[in-house]
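Enquirer: sequence? don't have it. structure:
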Ligand code: SPV
Ligand code: MG
């Protein structure tokens, strides 16, 4: 059902109906959620939320702009308080066309003169528009609407202006005759007497709408018994917000502390809910490339890095500063840059020193007597924390907390086919020349331009290999697909049953996988990573 039909049904319903004021997308949504079947886009409140007066200081296009947000945010019909129509009949025609385009169901126009003033500011002094001119405006508006169910409500200001019941009834009759779908009889009195009298005289010639802001003490039952069609709570969302904001601001000014208001304000999560954050999350899953988003990085950073001496006395190697930020931050940034936001850091030595945002931590409290295989087991035992996906749906990218790397390494790893994939550097001679520990690998084929389309597999990993079998150095990068994860986990657990494996490194796992008949694919790279093991490496890292 269209919003225009829904509004028409409100006007014609036998029940007393209610509209709540709204002045932006958020208040509109809150009004709808509270159960209201229609909204009053109050001129007073739209002006107030812009911080200006209810005297046509906000332009009509600025009003339209906000209405578009309100209409987009809700499914209930909106009745715009269109003041005088912002000019003569011609301005109203254009307004009606624009309101229809924005899904606004109805407009209320009042028989004052542009620029109007709020009826409660010296209302008795205001001039009223000539009856004929206002009737012409109503006719023009009705002729302009394309949707037969769009409604125009004519607001009679004769009572507020002090022109009496006779004038009010004459005007109402003329406006209904001109095509108005309903009459809004306004009053600035503190009792409902004059609107009740009007309704009694008017009968049921056309639906009658009231705004009991000033006669708020009148029981709603009285309006129902009198046969009014619609009651508008015309400004109470804005007034509620004003009181609440003033109180929160004053408290914060005084206390300089959030504790005193935290329980009195909506949670950030509630704001996200009202904004529809969950829908966006779901849409991202549907429409964005999933490569990095469905992956979790596991950064093994539990060891101290004894070789670095004093540098790692109070913090682990992963946290030493390189170019003004911790090594681990460089790692997190590189993963983030390829869309991997779910990052688990396995920490151990000096674990309280880890204070990076945007990562989750897994503790290896046995770090002093265990190796990286054990740390990996700690990570594999954790459920997928960050993405909200069911456990086991994520690809895991395992890497070391002391390795700096260019973001293209996780990128190629993410894109590589295969359940188990390692990244191998063909420039292994550099490590060999420095006579440092390295994990050398033998592969099913050396790196070669001619081998562009061939799939290369890992044959074995060792700290020493004869040169003719040596095809590169393992970088520490290891991808485990969601499908292979359980198998890897089972094998890691099995390996760790042997006491000598408590201090084992990841190559023990790679070789065990190969022995178990698993295929481990190889992606070759040339450089662009740096293993930070020595003081010289730290210096070197600064220019990486
Ligand atoms: C408004 O809400 O802007 C109205 C109603 O026009 S009143 O403020 O009572 O005039
Ligand atoms: Mg108004």
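Expert: Yes, it's here. Since we're looking at a predicted model, the values are computed, not measured. Ligands and ions are numbered 1, 2, ... in the order given.
Enquirer: Can you get me the centre-to-centre distance for the longest strand that the chain contains and its chain?
Expert: If you go by DSSP state E, the chain has its longest strand at strand 472-480. On the basis of Cα atoms, centre = their mean, to the nearest Å, strand 472-480 sits 36 Å off its chain's mean C-alpha point.
Enquirer: Who are the packing partners of that strand?
Expert: strand 395-400, strand 403-405, helix 408-415, strand 420-425, strand 440-443, helix 506-515, strand 521-525 (3 or more Cβ pairs under 8 Å, 6 or more residues apart in numbering; DSSP states H and E). No exception for glycine: its C-beta is placed from N, CA and C like everyone else's.
Enquirer: between the fourth one and strand 472-480, how many degrees?
Expert: The reference is to strand 420-425. 150 degrees (axes from the mean of the first three to the mean of the last three Cα atoms, to 10 degrees).
Enquirer: roughly how far is strand 420-425 from the heart of the chain?
Expert: Centroid displacement of strand 420-425 relative to its chain, using Cα atoms, centre = their mean, is 36 Å.
Enquirer: and the angle from that strand to helix 408-415?
Expert: Using the same axes, to 10 degrees: strand 420-425 against helix 408-415 is 150 degrees.
Enquirer: Okay, now the sheet partners of strand 420-425, with direction.
Expert: strand 472-480 (antiparallel), strand 521-525 (parallel) (DSSP bridges).
Enquirer: quick one: average confidence on the longest strand of the chain?
Expert: The pLDDT scores in strand 472-480 average 95.
Enquirer: Report the buried residues of it.
Expert: 472, 473, 474, 475, 476, 477, 478, 479, 480 (16 or more other Cβ atoms under 10 Å).
Enquirer: one step back: tell me which of the helices and strands packed on strand 472-480 approaches residue 536 most closely.
Expert: Closest to residue 536 of these is strand 403-405 (Cβ to Cβ; 14.0 Å).
Enquirer: which parts of the closest one are buried?
Expert: 403, 404, 405.
Enquirer: Of the residues you listed, just say which sits nearest to ligand 2.
Expert: Nearest to ligand 2 among those is residue 405, at 62.1 Å by Cβ to the ion.
Enquirer: returning to what we had before: now render the buried residues of strand 403-405 as TSV, adding distance to residue 293 and pLDDT.
Expert: TSV is the format used below for the buried residues of strand 403-405 (distance: Cβ to Cβ, whole Å; pLDDT from 0 to 100):
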residue	distance to residue 293	pLDDT
403	23	89
404	24	89
405	20	92
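Enquirer: Neighbours of the residue of the stretch 151-300 of the chain found nearest ligand 2, how many?
Expert: Residue of the stretch 151-300 of the chain nearest ligand 2, by Cβ to the ion: residue 234 (7.8 Å). Applying other Cβ atoms under 10 Å, we find 22 residues neighbouring residue 234.
Enquirer: I'd say it and residue 40 touch.
Expert: Yes. Judged on Cβ atoms under 8 Å, residue 234 makes contact with residue 40 at a distance of 5.9 Å.
Enquirer: picking up where we left off before, which one of the strands paired with strand 420-425 lies nearest to ligand 1?
Expert: Judged by Cβ to the nearest ligand atom, the one of these that comes nearest to ligand 1 is strand 472-480, at 60.9 Å.
Enquirer: got TSV for the helices and strands packed on strand 472-480, with distance to ligand 1 too?
Expert: Output for these, formatted as TSV (distance: least, Cβ to the nearest ligand atom, whole Å):
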stretch	distance to ligand 1
strand 395-400	56
strand 403-405	61
helix 408-415	55
strand 420-425	64
strand 440-443	75
helix 506-515	68
strand 521-525	66
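Enquirer: Make TSV out of the ones you listed and add distance to residue 347.
Expert: Output for the helices and strands packed on strand 472-480, formatted as TSV (distance: least, Cβ to Cβ, whole Å):
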stretch	distance to residue 347
strand 395-400	13
strand 403-405	16
helix 408-415	20
strand 420-425	23
strand 440-443	28
helix 506-515	17
strand 521-525	27
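Enquirer: so where's this protein uncertain?
Expert: 290-292, 305-306, 308, 311, 383-393, 431-433, 435, 543-544 (pLDDT under 70).
Enquirer: Excluding sequence neighbours, find me the nearest residue to residue 38.
Expert: The shortest distance from residue 38 to any non-neighbouring residue, by Cβ to Cβ, 6 or more residues apart in numbering, is to residue 19 (4.5 Å).
Enquirer: Same question for residue 191.
Expert: Closest to residue 191 by Cβ to Cβ, 6+ apart is residue 215, at 5.4 Å.
Enquirer: tell me the contacts of that neighbour?
Expert: 187, 189, 190, 191, 192, 195 (Cβ atoms under 8 Å, 6 or more residues apart in numbering).
Enquirer: With residue 136 instead?
Expert: Contacts of residue 136 by Cβ under 8 Å, 6+ apart are 89, 178.
Enquirer: roughly how far apart are it and ligand 1?
Expert: In this structure, residue 136 and ligand 1 are 22 Å apart, going by Cβ to the nearest ligand atom, to the nearest Å.
Enquirer: What are the buried residues along the helix or strand hosting that residue?
Expert: In the assignment (DSSP states H and E), residue 136 maps to helix 131-144. Neighbour-count burial for helix 131-144 flags 131, 134, 135, 136, 137, 138, 139, 140, 141, 142, 144 (criterion: 16+ other Cβ under 10 Å).
Enquirer: out of those residues, which touch ligand 2?
Expert: Taking Cβ under 5 Å from the ion as the test, ligand 2 is in contact with none of the buried residues of helix 131-144.
Enquirer: Heading C-terminal from the helix holding residue 136, find the next helix or strand.
Expert: Using DSSP H and E, the first helix or strand after helix 131-144 is strand 151-156.
Enquirer: Check the secondary structure at the residue nearest to residue 191 for me.
Expert: Recorded secondary structure, residue 215: coil (DSSP: H, G, I helix; E, B strand; the rest coil).
Enquirer: Give me the phi and psi for it.
Expert: With angles defined as degrees, to the nearest 10, residue 215 sits at phi -100, psi 50.
Enquirer: now swap in the one 10 residues further on and tell me
Expert: Residue 225 adopts backbone torsions of phi -60, psi -30, taken as degrees, to the nearest 10.
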